[in-house]
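[1] below: sequence and its predicted model.
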There are 2 protein chains.
Amino acid sequence: MNLLILPPLLGGAGLLIAFLIYCLVKRYRPGEGLVVEIADAIHQGAMVFMRREYSVLAVFVVLITVFLALAFQHYYTPLAFVVGALCSGGAGYIGMYTATQANVRTTVAANEQGAGAALSVAFLGGSIMGLVVASMGLLGLGGLYLWFGSNAEHVEAIHGFGMGASTVALFSRVGGGIFTKSADVAADLVGKVEAGIPEDDPRNPGVIADNVGDNVGDVAGMGSDIFESYCGSMIASIAIASTMNLAAVELLGGARNQLMFAPLALASVGLICSVLGIILVRLASSLSPEKALRLGTIGASVLFILASMVLIRFLGIDSNVWLCVVSGAVGGIVIGLVTEYYTGGRPVRLIAEGGQTGPATVMIAGLATGMQSVVVPVLMIAGIIYTTSWLLPEGAGVYGVGIAAVGMLATVGITMAIDAYGPVADNAGGIAEMANLGAETRAITDSLDEVGNTTAAIGKGFAIGAAGLAALAIIAAYIEVVSLHVPDFSLNINDPEVLTGMFLGGIFPFLVSALTMRAVGDAAFEMIVEIRRQFREIPGLMEGTAKPDSSRCVDIATKAALIRMMMPGLLAVLAPVVVGFGLGPAALGGMLGGALISCVLLALTMANAGGAWDNAKKYVEKGNLGGKGSEVHKAVVVGDTVGDPFKDTSGPAMNILINVMAIVSLVIAPLLG
Amino acid sequence: MNLLILPPLLGGAGLLIAFLIYCLVKRYRPGEGLVVEIADAIHQGAMVFMRREYSVLAVFVVLITVFLALAFQHYYTPLAFVVGALCSGGAGYIGMYTATQANVRTTVAANEQGAGAALSVAFLGGSIMGLVVASMGLLGLGGLYLWFGSNAEHVEAIHGFGMGASTVALFSRVGGGIFTKSADVAADLVGKVEAGIPEDDPRNPGVIADNVGDNVGDVAGMGSDIFESYCGSMIASIAIASTMNLAAVELLGGARNQLMFAPLALASVGLICSVLGIILVRLASSLSPEKALRLGTIGASVLFILASMVLIRFLGIDSNVWLCVVSGAVGGIVIGLVTEYYTGGRPVRLIAEGGQTGPATVMIAGLATGMQSVVVPVLMIAGIIYTTSWLLPEGAGVYGVGIAAVGMLATVGITMAIDAYGPVADNAGGIAEMANLGAETRAITDSLDEVGNTTAAIGKGFAIGAAGLAALAIIAAYIEVVSLHVPDFSLNINDPEVLTGMFLGGIFPFLVSALTMRAVGDAAFEMIVEIRRQFREIPGLMEGTAKPDSSRCVDIATKAALIRMMMPGLLAVLAPVVVGFGLGPAALGGMLGGALISCVLLALTMANAGGAWDNAKKYVEKGNLGGKGSEVHKAVVVGDTVGDPFKDTSGPAMNILINVMAIVSLVIAPLLG
């Protein structure tokens, strides 16, 4: 089967294109003097954090590898686990390395060449991340599949890849999220509120840490996050196809290996469409940034929908499977648009107006907005489940859900590019402010940043929807695999074991949210004390004649992130093992069901409430309802500060949490017989 | 079977005792002059609201009755529905009527006779509510069961009683919650924050509405809430016993009718123990209020546990069923203690300390506390499910869970008495403040109120745990009833229909929370505008020479409550009907599962976060961290204001929401075949 070689080949090609784009970015000027100094501090801070984080992760990876080797008595699963962990870590590292080079070049381009050039650099910087995520997935997963995918005895081992990717993603996301938000909250509270100096002011000792955080949280963390959903959806679809009953296989075209290969093939086509989308954005760079980015994303999606029709026909698979792809791609767009409404439309104005009666009404309005925002996305998820099950024959299980998730994530190359573009533009603005490059430069980076915020909100909604579907498909795969080993296995809601599991599963998202929010609160408090101390004890700091000791703040955030990421990560990895072996596979299945529901709901609530609070603050800062410095502004700043850990620490952890729990369960499923 | 007559007889006797206690309360002096005037305003406001609310509810009840009559073609179910609605409404009405007579007598007793007498009146006032709730349940449900409980063809009709009780409860809870919290938030924001006058100051036009709200929300709303869980747990246990397979019936002692009668018998014994507990509190009134109340509750529980052992043996039922009762009673106490910790212990101090860095950190700490507080209670629920299923034979389904819920709620007579005591004491304090009765009187009522707050927190945790178990048992009964009509019915988590339902179910708690929080926010905003207008336009109001127009505020709260309770109520009642008939019984079962998990988690999070914020404010007001008027105080007041709708509107609505959805499903289950 020569086709099998295409996904890893395309993955390799994608990495090559990413490298070429990196060369293109490097050709832009990195500036000189203060600009370089600041950019270096950010780059170094981020790299130091990544190295320390990965050293901690390496220990975990080794321990889990040893456990897997002992449990499975063959090297396929542990090997796949290590490859998955390396690919995830590698994608995050490369993406962040290049993002911290693109940010300063964006600043300089904005200063010297204007908005068009700045958009180009920022977007190219983001594109590297997008391409690396997609390519690493195809290279790693496609390579393993090529190696032992056709071997029925070892096909289950590729689940290890997903476990490696998800575990690294959870630690990165939680660690990065704690880092970035503790720095953000502390720098804002002391700088903007107490000292009355602007955001990103170079006198503020927390500002470098804040900018480092944007990279380790929003670039590296987000990259690992999407990477694991992307691979998870493919792995789940492969697993479901591999255990699908023969009658259903017949009805879907007759060849099981084609059904198993379809997810990888779809992702390969998606990568090509993403590259075309990226070229489209470049060609349209004369339009407004917003239009150019939108054209690229929608262009890539449309191309992908058309190309996947040809692909499915070429593979000899029933055309209803293509409709599943379409339902996923369209569902993703709808979820994105709803997210855009709740974090940008009328609800945001209502939150800002709540500020007229103080911070409490801002909080109430924001929480209500977040909770209400779950309705349409969850209806879409339910709709996709219902539609795909109706499209496919009965024995196909939730293959359609897996394929829909693949369809939603196939053009990850470009959606992730736009996600990563945001923090690059944000950082570029920070550097411009710190290096005093003037209002004009700042205006350009601000406009880029604003577009980035909207697109990032869409990306987040998208990521949650896709992660939910991917997790669901993995859970279904878990049930199928257990069924192979346990006769008459079923997960009946009426079964007390399943019910016990469902309640247990519901706990984790709430507990992990609590732990991560508390971690941000505590670390921010520690950093606030340090920033206040520096303002008090370093003579000349407020006057601008002395420099702050930024590295102390980076260090506080780093330590807090590394220590506080342990507990949530361990909980997620160990809980399925403990429940699976302790209470049995039925309780574990129930636990995954309970966790899935509450993860998706909390993730949407937190992400959208956070986004809405953020934009309510921006709305007031544009001069509405009294503008900056008014009482309304103070009230919406409180909302924004609470929203920070919501949308960038706890919320995003939910996606990965459920995927880690599901994939660990899938990996240990053969052992639960 | 002469035993069947005992529950309604005991119910009648309970009502008689409640009436005697009412006469006892009436013998205390109601005071004169300003005190009577204020108390009358509160009493009238509450009664007007109740009448208007019940007029709206009457229309719903009639419509649903007609629907049920058409659907079932016999009069048993619609009749049971009407009786349930009347009992629930009646319990709320009587409880509130007497509470608004006890409050002023508590004030006068505190003023003229001292703390002991004041405790007596307040507790007796609460006891009436507790006894009425328990007695109405036994009288109504026991009466119907006596009438057609032994008739296998019509036993399903008593589900209608639960549906009536739950529907009225949801509307009362949501309407009362919106009323009380919009008044509370508005009166506090304008009075305490803007005008700088104390809480309950008679010059504040919103204060009467606030005190009315305590009665319609915390007394009537809470009463209907507990009433529906109490009846729901009995109905579910009866339903499960009626469909239990014969082998299991044999193993449990051999007599199905005894298993069906057991829940009513347990509740009857619980009522007797509650009365004894109430007497115990009276006898111990020379101790501190806290000790007296604790002695009464724990005494009643211990008595109940012992008496239920005798009862189970007397009924010839396997003694493991008694262990299920114990697991429920003990589980309830543990959940209560955990609630007490999270709303009173170290977490509260941490929230208050968060105030040192502003309201944002108070919010983050409070939300984290609320989320973390779900862990132990949900573990307890999971533990009860697991233990009871292990105690009983396999075919008994979740009969043990139903019995555990009955065990948790059997002593509702005294737990509800203590719950209702809180708002009576709170109101007494409000009247003392408004009538300027001096610091000494206020100190007594404050100390009573404080005890009430702690015990109320325990009661809330208790109510959520019991409601969750009751709902679970009802869901199990639903599955059993559908199985009778649909061969091979099962709710497999792997089934796409069930999954679709689970996601749909997860939406409702979030949507209802959003709707109710927004309702409070909007109504509070409207009232704030009105209160500000009165302060501005009524000459002499601030100087105390003119009176505020309190009725305008009562009217705003009433209208908001009546209009805004519609949507959540309709959603809860109609969703199961639409999903059940539209997508089928499997999707409906999945929906109940998803809704159950997310209702319990949200209910605990909101109730405990709200309670913790409330007490963090009180902690600062006692002089800690700068005390009243400090920046820390301002920050914790924000937390308290957000916590208000959390703990008294949206959170409590969750309990009933899941029970309404479950019981409506149970009622329509025979029609889904």
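    Cool, got the structure.
[2] what's the closest non-adjacent residue to the residue of chain A most remote from its centre?
    The C-alpha centroid of chain A is most remote from residue A:539, which lies 41.8 Å away (C-alpha atoms, centre = their mean). Here the nearest residue to residue A:539 in space, its sequence neighbours aside, is residue A:546; by C-beta to C-beta, 6 or more residues apart in numbering or on different chains that works out to 6.3 Å. C-beta coordinates here come from the backbone N, C-alpha and C atoms, glycine included.
[3] please give me every residue in contact with whichever residue of the stretch 551-673 of chain A sits closest to chain B.
    Chain B sits closest to residue A:641 of the stretch 551-673 of chain A, with a gap of 3.6 Å, by C-beta to the nearest C-beta. By C-beta atoms under 8 Å, 6 or more residues apart in numbering or on different chains, the contact set of residue A:641 is A:185, A:188, A:189, B:358, B:360, B:361, B:364.
[4] likewise residue A:345?
    Neighbour list for residue A:345: empty [criterion: C-beta under 8 Å, 6+ apart].
[5] check which helix or strand residue A:657 maps to.
    Using DSSP states H and E, residue A:657 sits within helix A:651-668.
[6] err, residue A:225, not the other one
    Assessed by DSSP H and E, residue A:225 sits inside helix A:222-243.
[7] and that helix, what does it pack against?
    If contacts are counted by 3 or more C-beta pairs under 8 Å, 6 or more residues apart in numbering or on different chains; DSSP states H and E, helix A:222-243 sits against helix A:76-112, helix A:115-148, helix A:159-187, helix A:256-283, helix A:399-409, helix A:412-434, helix A:439-485, helix A:651-668.
[8] for the shortest one, name the packing helices and strands.
    Think helix A:399-409. Contacts defined by 3+ C-beta pairs under 8 Å, 6+ apart place helix A:399-409 against helix A:222-243, helix A:256-283, helix A:319-342, helix A:375-391, helix A:439-485.
[9] count the neighbours of the residue lying closest to residue A:624 once chain neighbours are set aside for me.
    Computed as C-beta to C-beta, 6+ apart, the closest residue to residue A:624 that is not its neighbour in sequence is residue A:352, at 6.5 Å. Residues near residue A:352, counting by other C-beta atoms under 10 Å in any protein chain shown, number 27.
[10] name the residues of whichever strand or helix holds residue A:352 that are buried.
    According to DSSP H and E, residue A:352 maps onto helix A:346-354. Taking 16 or more other C-beta atoms under 10 Å in any protein chain shown as the neighbour-count basis, helix A:346-354 is seen to contain the buried residues A:347, A:348, A:350, A:351, A:352, A:353, A:354.
[11] would the helix or strand of chain A with the lowest mean pLDDT count as contacting chain B?
    The least trusted helix or strand in chain A, going by mean pLDDT, DSSP states H and E, turns out to be helix A:439-485, with a mean of 87. Yes: interface with chain B: helix A:439-485 contributes A:472, A:475, A:476, A:479 (C-beta under 8 Å from any C-beta of the partner chain).
[12] that helix vs helix A:222-243, what angle?
    Angle, helix A:439-485 to helix A:222-243, by axes from the mean of the first three to the mean of the last three C-alpha atoms, to 10 degrees: 30 degrees.
[13] hmm, back to that, farthest pair within the contacts of residue A:641?
    Farthest pair in the contacts of residue A:641 (C-beta to C-beta) is A:188 and B:364. Separation: 13.3 Å.
[14] who has more neighbours, the two?
    The residue with more neighbours, out of residue A:188 and residue B:364, is residue B:364; 27 against 23, by other C-beta under 10 Å.
[15] what about residue A:543, which SS state?
    Per DSSP: H, G, I helix; E, B strand; the rest coil, the local secondary structure of residue A:543 is coil.
[16] what is the neighbour count of the closest residue to residue A:444 other than its chain neighbours?
    Leaving aside its sequence neighbours, residue A:444 sits nearest to residue A:110 (C-beta to C-beta, 6+ apart; 4.1 Å). Other residues near residue A:110 come to 31 when the count uses other C-beta under 10 Å.
[17] how much space separates the closest residue to residue A:229 other than its chain neighbours from residue A:327?
    Once flanking residues are discounted, residue A:229 sits nearest to residue A:467: 4.4 Å by C-beta to C-beta, 6+ apart. From residue A:467 over to residue A:327 the distance is 17 Å, taken as C-beta to C-beta, to the nearest Å.
[18] one more: residue A:112?
    Per C-beta to C-beta, residue A:112 is found 47 Å from residue A:327.
[19] more neighbours: these two, which one.
    With neighbours defined as other C-beta under 10 Å, residue A:112 and residue A:327 compare such that residue A:327 has more, 24 against 14.
[20] mind checking the end-to-end distance for stretch A:184-197?
    End-to-end distance for stretch A:184-197: 14 Å, by C-alpha to C-alpha, to the nearest Å.
[21] what residues of that stretch count as buried?
    Residues of stretch A:184-197 classed as buried by neighbour count (16+ other C-beta under 10 Å): A:184, A:185, A:186, A:187, A:188, A:189, A:190, A:191, A:192, A:195, A:197.
[22] quick check, the helix holding residue A:657 touching chain B?
    No: judged by C-beta under 8 Å from any C-beta, helix A:651-668 stays clear of chain B, getting no closer than 11.7 Å.
[23] and that helix, what does it pack onto?
    Helix A:651-668 packs on helix A:159-187, helix A:222-243, helix A:439-485, helix A:496-537, helix A:566-583, helix A:585-621, going by 3+ C-beta pairs under 8 Å, 6+ apart.
[24] tabulate those helices (a markdown table), appending distance to residue A:632.
    Shown next, in a markdown table, are these (distance: least, C-beta to C-beta, whole Å):
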| stretch | distance to residue A:632 |
| --- | --- |
| helix A:159-187 | 20 |
| helix A:222-243 | 31 |
| helix A:439-485 | 20 |
| helix A:496-537 | 24 |
| helix A:566-583 | 35 |
| helix A:585-621 | 6 |
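[25] many thanks, I have nothing further to ask.
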